[in-house]
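Trainee: Dropping a prediction and its sequence here:
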Amino acid sequence: MADMVKVIKTDPALVGKILKSANSSYFGFRSRIQSIERAVPLLGMTAVSALALSFSLAESAVGCGPLLPHFRAYWLQSILQAVAADILKERLKSVESDFFLTGLLLDVGRLAMLRAIPKEYQVALEQAEASQRALHDVEMETLGLNHATAGAKLMESWNLPSELSEATRVHHLPIDEVLAAAEASGSELIKASAFSGAVGDYFCGADKRSAYERLVTLSQDFYDFSRPDLDDFLKRTKSRVETAGEMFSADTTELPEPSELLSIANDQLAAIAMREHDASVQAIARQQAAELEKSKLETKNRDLENRVLHDPLTKIYSRLFFDTAIQQEIDRCSRIAAPLGVVFIDIDNFKAINDAYGHQFGDQVLVEVAEVCAAVLRKADILARYGGEEFVALINEPTESGLRRVGERLRKAVEDRKVYFGSNRLPVTISAGVAMAIPERDTASLDKRLMQAADDAMYESKRNGRNQVHFRTLLDQREQTLLQQVNRRLFSRWLVQCNIVDTAAVTNALVQCRPERERIGILCQQQGYLNLEQVDQIVGEQEHTGRRFGAVAVSLGLLSDNQVAHLLSLQQENATALARQLVAGELLDQLQAAALLEQFRAEVAVDDQGLIGAGKVVSSSSP
């Protein structure tokens, strides 16, 4: 203490300020203190250190020009926080002695930034004031650090106690983080600093609403304050800060009363509520506008899609859609060695109808023909207007006889349609060409060849007198025979041919139990026809020739035509699963289904033996 007195006496101005402070009402000594030697022991070394530092900071906090109000605001808040911390120490009867000093230094980072980066910091200060937001948040956004971090770093460089720098660093952090830091250090100073900082922000900061909410929470969580306790604390702080202001040359006259602060906070809360309400209304309006615009765009896109994918007159698919669909179907059938068919349709004498009865009636004929054809075809088939009076249908996995029947049903349905011009019925017929193929692995130009074959068949119908159907196939004789063998092995077709179940019922049952398309190489191994080495051999040959797996296997003598037909039938349907589905759908009873399945397999076996005896099946050399 003697050393401290000696140091202070080297600065007469400091001696005078400390004596003036010791005799002020802030400390409340009864007798007047005449010497520094008596003042230092009475005040205590900590208080004297705090006073000396305060006077030094007060001199540093003297600015000029546009920054002058910000220097004054910093110094006033620092004094207010020091006083709040000192009052809190008295209320807690704490033995820790650095409350006043810590409160005083909490915002020293603001002073540092005012001195070091005045132009940049002025922007942050003015932005916080204008937006009524917490200064430390705006500092982070505009500068990348806040005054709490800067102040803590300064204290570390000054070798001040680590507890003091830690209290400064965390005093603006969320409450749970402040509490964690306080528990980790075992010090009340950290909690007191957060509370004092909230008092300073409430009196001097721009965002009084948030500061008051934080103050209420801190006072309840840390000190179990009631609202009246907090109000009393704020009043005492306001009263004592006026005395401290006299000591440290701070103007406290503009500091509002606690009741005024609460009114300001409520006004800010109301303003925020109004802004949020307005923002919500505007957001709802924007959302509704966006949804309306989205709905309009979706409607427009649907209209565009319909116009692109559908013929606007007949409402069936357009040629653009058909061209894409046939290529996709060719690719699919190539993977599973399945057939596909095309029906090409041309309205007979359509030009004469247009010339005699007008284009409006011609459009009516187009619409009615489209309706008739759509009604004949299955859902799995695709009908499109190809151009002018021409239509085309893509038939899903047909047999040759089935495809011929589809063409004939289309021709007959159009012929039977009653088309009237006024009260007169006019005959309307079509000429059709039917073509089918089983795509190889290389599907290049197959769509063009298939369409050309159907078109040629249609022109043959025209040349032979119209209102006819002619057939073309891109299958060679061996492929046709193989396809017949596959169809002969399908339980579904056998049931229909025997008039046990109709086509529609079988089709619905197949939809429920159709197996996943297994690769034929895997099926070969499952059936014990080939081993993995033989399958790899066939696949390698495929890479060179582009031919289908079954054709390569037969040419290498590894499979017979009969075995290939059996494998392809397994790809298409599971006879046992179909029988169960027909029982589940109450189309057959269990005993009947079992008997029919046994009869079907027996007939297939007999047919196979007959084909072998006739020399129509190549024997397999594989196990």
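Mentor: Yes, it's here. Numbering: from 1, shown residues only.

Trainee: The stretch 251-400 of the chain: strands as residue ranges?
Mentor: Taking DSSP state E, counting those that start in this stretch to define them, one finds strands in the stretch 251-400 of the chain at 340-347, 382-387, 390-396.

Trainee: tell me how far the ends of stretch 385-396 are from each other?
Mentor: 18 Å (CA to CA, to the nearest Å).

Trainee: just how off-centre is that stretch within its chain?
Mentor: 41 Å (CA atoms, centre = their mean, to the nearest Å).

Trainee: what comes into contact with it?
Mentor: 311, 313-314, 316-319, 322, 325-326, 329, 340-347, 350, 366, 369-370, 373, 377-378, 380-384, 403, 406, 410, 436, 451, 454 (CB atoms under 8 Å, 6 or more residues apart in numbering). For every residue, glycine as well, the C-beta is placed using N, CA and C.

Trainee: Which residue comes closest to residue 132 once chain neighbours are left out?
Mentor: Excluding the flanking residues, the one nearest residue 132 by CB to CB, 6 or more residues apart in numbering is residue 206, at 4.8 Å.

Trainee: Looks like residue 135 contacts residue 127 (just checking).
Mentor: No: counting by CB atoms under 8 Å, residue 135 stays clear of residue 127, with 9.3 Å between them.

Trainee: okay, the two: which has more neighbours?
Mentor: residue 135 (24 against 16; other CB atoms under 10 Å).

Trainee: Next one: that one, what pLDDT does it get?
Mentor: Model confidence at residue 135, given as pLDDT, is 88.

Trainee: what does the one 4 residues further on give?
Mentor: The model reports residue 139 with a pLDDT of 88.

Trainee: pretty sure it is in contact with residue 149, am I right?
Mentor: No: counting by CB under 8 Å, residue 149 is not a contact partner of residue 139; they are 9.0 Å apart.

Trainee: any low-confidence regions in the stretch 151-300 of the chain?
Mentor: For the stretch 151-300 of the chain, the stretches flagged by pLDDT under 70 are 248-249, 256, 258-279.

Trainee: Can you list the residue ranges for helices in it?
Mentor: 162-170, 175-185, 188-204, 208-223, 227-247, 258-309 (DSSP state H, counting those that start in this stretch).

Trainee: So for residue 447, which of those sits nearest?
Mentor: Checking the helices of the stretch 151-300 of the chain against residue 447 by CB to CB gives helix 258-309 as the closest, at 17.8 Å.

Trainee: sorry, back to before: most neighbours per residue, which of the strands of the stretch 251-400 of the chain?
Mentor: Greatest average neighbour count among the strands of the stretch 251-400 of the chain goes to strand 340-347 (a mean of 26), per mean count of other CB atoms under 10 Å.

Trainee: Show me what that strand pairs with in its sheet, parallel or antiparallel.
Mentor: The pairing partners recorded for strand 340-347 under DSSP bridges are strand 390-396 (antiparallel), strand 430-437 (antiparallel).

Trainee: can you state the direction angle for it and strand 382-387?
Mentor: Strand 340-347 and strand 382-387 are oriented at 40 degrees to each other (axes from the mean of the first three to the mean of the last three CA atoms, to 10 degrees).

Trainee: Give the rounded mean pLDDT of strand 340-347.
Mentor: Across strand 340-347, pLDDT averages out at 96.

Trainee: Look at the nearest residue to residue 43 once chain neighbours are set aside and say how many residues are nearby.
Mentor: Of all residues not flanking residue 43 in the chain, residue 22 sits nearest, at 5.8 Å (CB to CB, 6+ apart). Counted with other CB under 10 Å, the neighbours of residue 22 add up to 23.

Trainee: can I see the domain layout of the protein?
Mentor: Using automatic domain parsing, the domain parsing of the chain gives 1-39, 44-255, 310-475, 476-623.

Trainee: Can you measure across the longest one, start residue to end residue?
Mentor: Right, the one you point to is domain 44-255. By CA to CA, the extent of domain 44-255 from end to end equals 30 Å.
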